[in-house]
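Enquirer: sequence first, then the predicted structure, then my questions.
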Amino acid sequence: MRLKKLSLSNFGRFRGETLELKDGINVIYGENESGKSTIHTFIRSMLFGMKRGRGRAAGNDEYSRYEPWENSSWYQGRLEFSSGDKEFRLTRNFASREKSEELVCLTDGEVLSVEDGDLSMLLAGISENVYENTVSVGQLKARTGDALAQELRNYMANYQGSSDGSLNVAEALASLKKKRKELEQEIEQQQKTGEEEKQQLYSRLSYVEQDCREAKEKLESAEAERKYEMFDREISPQEVRKQKERFLNKRKWGVACGVVAVFLTILCVMQFFRVSSLFNRLALGAAVFALFFIIYWMVRHTREDDPDIEEPEQQKIRKMNWNVEYLEREVRQKEVQYQNLREEYEEFCASLTIPKEKQENVAAVTLAMETIEKISRQQQSRVGIRLRQSVSEILSELTDGKYRQISMDDDLKIGLHSENYYVPLEKTSRGTMEQVYFALRMAVMDILCSEEEMPVLLDETFAMYDEYRLERALTWLAKKKGQVVIFTCQKREEQTLDRLGIPYHKVDLS
């Protein structure tokens, strides 16, 4: 890709400004507040759009910083660029209420769609993160951001499996992790629901079991009471005969006494008529009355002593038998109820096992995660070797061979190797750090932007460089033979380029 023309129709401080850029090195010179950073932001916004912040953040985001003071609804610009052997014009209106974009191929007049991904295709799928951390080196931002390390890991994971390095390892793993969590939560919820139902069944089973046990205890108690009564109250035939003999003897004696009493009564009556005195007659009358009373008492008690020996005991036994039979039926019913419920409980417990299909799904997702991580590590190793070699070569040119090799971990933490010693990057000077991170950006750009060579944008990137470091950096950029846009408020870059005899195109904003 080559940037041809920037038309800032109404963007930031610019109104209808047009800047032309050439192949090779371009120097955009201007004093502070002249609009260099605005142009830098404009290029990125044209390529990737501009997002508004939310809430309080919207008051100080890029959209607000570069929003035109006048006619804010006409917040737009145009960018002409070439890609491959064709030229294109991209027009954007950034106004939130009238947002629009238009992409036209100037070579054949074809109207393309930004929304459908035509612009992304022309950029070879380069993400804004890659752009920010490689192609576009902002003011005093030679150091790479954390996003670059992740983008590089994504590319490493897909380096040999795909030509565009588009696999996002973090997103893929996050998606699989989310899926596995959903499956595990589904299984956990199923187990929780099953355990709750199991507990309810167990409570019912325990209640019926206790009820059955109590019924059996009542039955055993009733049977024991019946046996005791039958044993304690049992009357043998001999005992019955003895009781009848005693009853008959009592009756005989009663009859004899009655006969004697009647006989005496008759004698008394006869004597009564013979006695003439009143007193004697009263005495005999009393004696007769007493005899009749004795006869009455004997007859009455003879009846009371006539027991019905067997009937009351038999009634009591029959009642006990009925009670035992009732309890036996109740126990049988409760045993059947308990057995049915127990079978239901055992069948439910057997069904609580996790379905094989769900177990296989969790295992499959876990295997996919492990496979991606394994491939990622393998590809990181392969691409890591290539990256270290590229950074080492660039850094060796920038430092004129002082540091010829670097070491690098997965998080892009770097150490330097000279001929005689190793030094962590944190122990080096600020200028050396800037050189190392610049070399890293350029090396990563060569890897991630291999399909579409992008212009390099440097906004005050060399502010911390001394004259020697600046010469080495500009010499390397000139050898690269790509498009370079240097934003600067100093004349050092121009003077150095002139001294080295390196051709460049200047855009003066003053």
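Expert: Good, I have the coordinates. Residues are numbered from 1 along each chain as shown.
Enquirer: for the protein, which strand extends over the most residues?
Expert: In the chain, taking DSSP state E as the definition, the longest strand is strand 2-11.
Enquirer: give me the distance between residue 33 and residue 15.
Expert: Separation of residue 33 from residue 15 (C-beta to C-beta, to the nearest Å): 16 Å. (Each C-beta comes from the backbone N, C-alpha and C, glycine too.)
Enquirer: repeat for residue 117
Expert: Distance of residue 117 to residue 15, computed by C-beta to C-beta: 32 Å.
Enquirer: how about residue 113?
Expert: Residue 113 is 29 Å from residue 15, by C-beta to C-beta.
Enquirer: just want to know which of those two has more residues nearby.
Expert: residue 15 (14 against 11; other C-beta atoms under 10 Å).
Enquirer: domain assignment for the chain?
Expert: 1-123+452-510, 199-351 (automatic domain parsing).
Enquirer: make a markdown table out of those and add distance to residue 416.
Expert: Formatted as a markdown table, the domains of the chain follow (distance: least, C-beta to C-beta, whole Å):
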| stretch | distance to residue 416 |
| --- | --- |
| domain 1-123+452-510 | 15 |
| domain 199-351 | 65 |
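Enquirer: mind checking which of those domains is nearest residue 397?
Expert: domain 1-123+452-510 (5.2 Å; C-beta to C-beta).
Enquirer: ends of that closest one, what's the gap?
Expert: Distance between the two ends of domain 1-123+452-510: 28 Å, counting by C-alpha to C-alpha, to the nearest Å.
Enquirer: quick one: residues contacting the residue nearest to residue 456 when sequence neighbours are not counted.
Expert: Among residues not flanking residue 456 along the chain, residue 484 sits closest, at 4.8 Å (C-beta to C-beta, 6 or more residues apart in numbering). Taking C-beta atoms under 8 Å, 6 or more residues apart in numbering, we find residue 484 in contact with 24-26, 455-456, 458, 477.
Enquirer: ok, what's across the strand from residue 484?
Expert: residue 25, residue 456 (DSSP bridges).
Enquirer: right, and the helix or strand after the longest strand of the chain?
Expert: Using DSSP states H and E, the next helix or strand after strand 2-11 towards the C-terminus is strand 14-20.
Enquirer: angle of that next one against strand 2-11?
Expert: 170 degrees (axes from the mean of the first three to the mean of the last three C-alpha atoms, to 10 degrees).
Enquirer: helices or strands next to strand 14-20 in the packing?
Expert: For strand 14-20, the packing partners by 3 or more C-beta pairs under 8 Å, 6 or more residues apart in numbering; DSSP states H and E come out as strand 2-11, helix 36-48.
Enquirer: and that strand, which residues are buried?
Expert: 14, 17, 19 (16 or more other C-beta atoms under 10 Å).
Enquirer: now find how far off-centre it is within its chain.
Expert: With C-alpha atoms, centre = their mean, to the nearest Å as the basis, strand 14-20 stands 52 Å off its chain's centre.
Enquirer: between helix 36-48 and that strand, find me the angle.
Expert: Going by the same axes, to 10 degrees, strand 14-20 makes 80 degrees with helix 36-48.
Enquirer: quick revisit: what mean pLDDT does the longest strand of the chain have?
Expert: Averaging pLDDT along strand 2-11 gives 94.
Enquirer: tell me the strands beside that strand, with direction?
Expert: For strand 2-11, pairing defined by DSSP bridges yields strand 14-20 (antiparallel), strand 76-83 (antiparallel).
Enquirer: quick one on the thing from earlier: quick one: the contacts of residue 484 as TSV, columns for distance to residue 447 and pLDDT too.
Expert: As requested, those are exported to TSV (distance: C-beta to C-beta, whole Å; pLDDT from 0 to 100):
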residue	distance to residue 447	pLDDT
24	23	94
25	23	96
26	24	96
455	17	92
456	15	92
458	19	92
477	18	94
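Enquirer: out of these, what pair is the most spread apart?
Expert: 24 and 458 (13.7 Å).
Enquirer: pLDDT weak spots in the stretch 151-300 of the chain?
Expert: For the stretch 151-300 of the chain, the stretches with pLDDT under 70 are 151-169, 229-300.
Enquirer: skip the chain neighbours and tell me the closest residue to residue 415.
Expert: Per C-beta to C-beta, 6+ apart, closest to residue 415 is residue 407, 4.5 Å.
Enquirer: name the element that neighbour belongs to?
Expert: Short version, using DSSP H and E: residue 407 is in strand 405-408.
Enquirer: list the buried residues for that strand?
Expert: For strand 405-408, by 16+ other C-beta under 10 Å, it's 405-406, 408.
Enquirer: helices or strands up against it?
Expert: Using 3+ C-beta pairs under 8 Å, 6+ apart, strand 405-408 is in contact with helix 356-398, strand 414-417.
Enquirer: ok, and what's touching it?
Expert: Counting by C-beta under 8 Å, 6+ apart, 384, 387-388, 391-392, 395, 414-417, 422, 436 sit against strand 405-408.
Enquirer: can you check stretch 1-20 too?
Expert: So stretch 1-20 is in contact with 21, 23, 28, 35, 38-39, 41-43, 65-66, 68, 71, 74-83, 87, 94, 122-123, 452-455, 483, 485, 507, going by C-beta under 8 Å, 6+ apart.
Enquirer: give me that answer again for 6 Å
Expert: Stretch 1-20 is contacted by residues 21, 23, 35, 38, 42, 66, 68, 74, 76-78, 80-83, 452, 454-455, 483, 507 when judged by C-beta atoms under 6 Å, 6 or more residues apart in numbering.
Enquirer: what's the answer for stretch 346-363, then?
Expert: With C-beta under 6 Å, 6+ apart, stretch 346-363 has contacts from 183, 187, 194, 201.
Enquirer: what's the helix or strand harbouring the third one packed up against?
Expert: Using DSSP H and E, residue 194 maps to helix 169-232. Using 3 or more C-beta pairs under 6 Å, 6 or more residues apart in numbering; DSSP states H and E as the contact criterion, the secondary-structure elements in contact with helix 169-232 are helix 146-158, helix 311-351, helix 356-398.
Enquirer: so where's the stretch 301-450 of the chain uncertain?
Expert: The stretch 301-450 of the chain contains residues with pLDDT under 70 at 301-314, 353-355, 375-383, 410-412.
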